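Participant: Output the structure for:
(one chain, ligands or ions: 1)
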Amino acid sequence: MIPYGRQSISEADIIAVSKALRGEFLTTGPLVDEFESLLTNYLDTPTFVVSSGTAALHCAYAAIGLKPGDEVITPPLTFIATQATAALLGATVRFADIDSETGNINPKEVAKLINKKTRAVVAVDYAGHPAELRELKELTSSNDIVLIEDAAHSIGSKYHGQRIGGIADITTFSFFPTKNMTTGEGGAVSSPHPELLERAKKFSRQGLVRDKNKFILNDEGDWHQEVHEFGLNYRLPDVLCALGISQLAQIEAFKKTRELVFSEYLNYLNDISGLQLPIKRNYADPMWHLFPIRVPTTLRKRLFNELRRNQIGVQVNYLPAHLQPVFSRKGFKWGDFPIAEDFYRREISLPMHTNLEMLDTDYFKKVSGVIEEVLADS
Ligand SMILES: *Cc1c(COP(=O)(O)O)cnc(C)c1O
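Facilitator: Numbering: from 1, shown residues only. The predicted model follows:
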């Protein structure tokens with residue numbers, strides 16, 4: 001089965017990790033600083049690393065002091081981590097429906113939800129295509145709200161020529177194996193605001209304060225460190241940073257391959273009627289994480305099963321978050337966010353990764369053949 005997403009591990013990655021294992025540090029060591037400074041350089045924005053994309057989101061919400069009574073506005077079409085980490089801090093999750101073309105949160109819908117309790121608007125760059133960040137920033141900055149970008153899909157993407165990472169107030173990344181680059185489990189947080197970034201980082205390191213000038217207890221010895229606000233252990237170990245450093249060195253090559261796969265899909269699938277292909281807005285330079293197609297609702301399940309039967313490991317991204325039982329039991333239901341629901345009911349993610357089997361003409365012929373055959377019945 002060709003998986004919908006899969007890591008691409010090179011000999012260089014294996015050597016880098018082995019070298020780290022032979023070294024002195026397993027967890028906090030020099031490779032953490034090195035990976036962070038390479039990411040800072042690549043994203044052109046100060047960045048620190050954490051143990052997952054979920055952890056990164058939790059740090060972002062903690063950094064803004066999200067608490068019960070606060071509201072965050074999120075898109076329904078995302079992985080539940082976007083909402084879970086805010087809900088666990090006691091915040092109320094609101095949903096703004098998506099743009100039917102990109103799958104990204106619709107700024108017009110966001111505008112309708114902003115009120116005195118709103119603390120953050122969260123954009124997800126669905127499939128790697130950047131959200132409408134300018135429009136969203138206008139809304140958030142004029143209302144003194146934080147714009148958080150869940151860029152789990154979009155490291156390597158650009159928006160109006162600028163790399164994702166330095167545009168929103170806080171951007172979070174995931175290095176899960178199916179994402180654009182991997183550390184096994186891992187993630188990162190970037191922000192152009194030093195204070196926000198510092199607060200987020202402290203949360204990921206148990207809340208520990210080590211700067212003498214900031215101590216409240218002044219009579220302790222050199223061993224002393226103190227905690228002013230609770231944090232968690234979201235550190236990314238040195239060994240995984242070794243993999244991250246090696247993966248980051250390949251990211252532009254990964255991006256080229258993903259672009260190639262994307263354009264091959266377009267070539268082979270363009271003429272199939274009843275099939276809706278992903279689009280790219282002219283200001284976007286995506287590093288494609290997914291290749292989401294849409295088909296008539298009545299044929300979605302059949303096509304999904306037929307592709308899997310042909311060893312094509314498709315996936316569906318995502319059941320809209322408001323329909324997850326954890327939200328529906330609070331009263332959310334089908335019909336609440338019709339555009340996200342329609343997107344979901346028609347969506348299938350075709351395999352998208354950088355392994356060799358993706359670059360075989362026979363592969364694309366096979367995919368288009370199966371799709372054509374099932375859609376012929378529409
Ligand atoms: C993968 C993903 C996350 C969570 O990242 P993990 O590293 O798996 O914790 C969050 N948001 C989105 C949109 C994702 O796709």
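Participant: so what's the residue lying closest to Phe332 once chain neighbours are set aside up against?
Facilitator: Using C-beta to C-beta, 6 or more residues apart in numbering and skipping the chain neighbours, the partner closest in space to Phe332 is His322 (3.9 Å). Bear in mind the C-beta positions are built from the backbone N, C-alpha and C, glycine included. Contacts for His322 were tallied using C-beta atoms under 8 Å, 6 or more residues apart in numbering; they are 76, 95, 328, 332, 336-337, 340.
Participant: now Lys214
Facilitator: His228.
Participant: mind running it again at 6 Å?
Facilitator: Shown in contact with Lys214 (C-beta atoms under 6 Å, 6 or more residues apart in numbering): no residues.
Participant: Which residues outside stretch 58-72 are in contact with it?
Facilitator: Applying C-beta under 6 Å, 6+ apart, the external contacts of stretch 58-72 come out as 85-86, 89-92, 94, 117-120, 122, 146, 148, 170, 172, 189, 196, 199-200, 203-204.
Participant: Select only the buried ones of these in PyMOL?
Facilitator: Buried residues among these (16 or more other C-beta atoms under 10 Å), as a PyMOL selection:
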select buried, resi 85+86+89+91+94+118+119+120+122+146+148+170+172+189+196+199+200+203+204
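Participant: Could you tell me how far Arg210 is located from Cys241?
Facilitator: 20 Å (C-beta to C-beta, to the nearest Å).
Participant: Compare those two and say which one has the larger neighbour count.
Facilitator: Cys241 (30 against 11; other C-beta atoms under 10 Å).
Participant: I figured the more buried one hits Glu36, correct?
Facilitator: No - with contact defined as C-beta atoms under 6 Å, Cys241 does not count as touching Glu36 (8.1 Å).
Participant: Pretty sure the residue nearest to Phe332 sits in a helix.
Facilitator: Yes - checked against DSSP: H, G, I helix; E, B strand; the rest coil, His322 lies within a helix.
Participant: Assign a three-state SS to the residue of the chain most remote from its centre, would you?
Facilitator: In the chain, counting by C-alpha atoms, centre = their mean, Asp219 sits farthest out from the average C-alpha position, at 44.4 Å. Assigned with three-state DSSP, Asp219 falls in the coil class.
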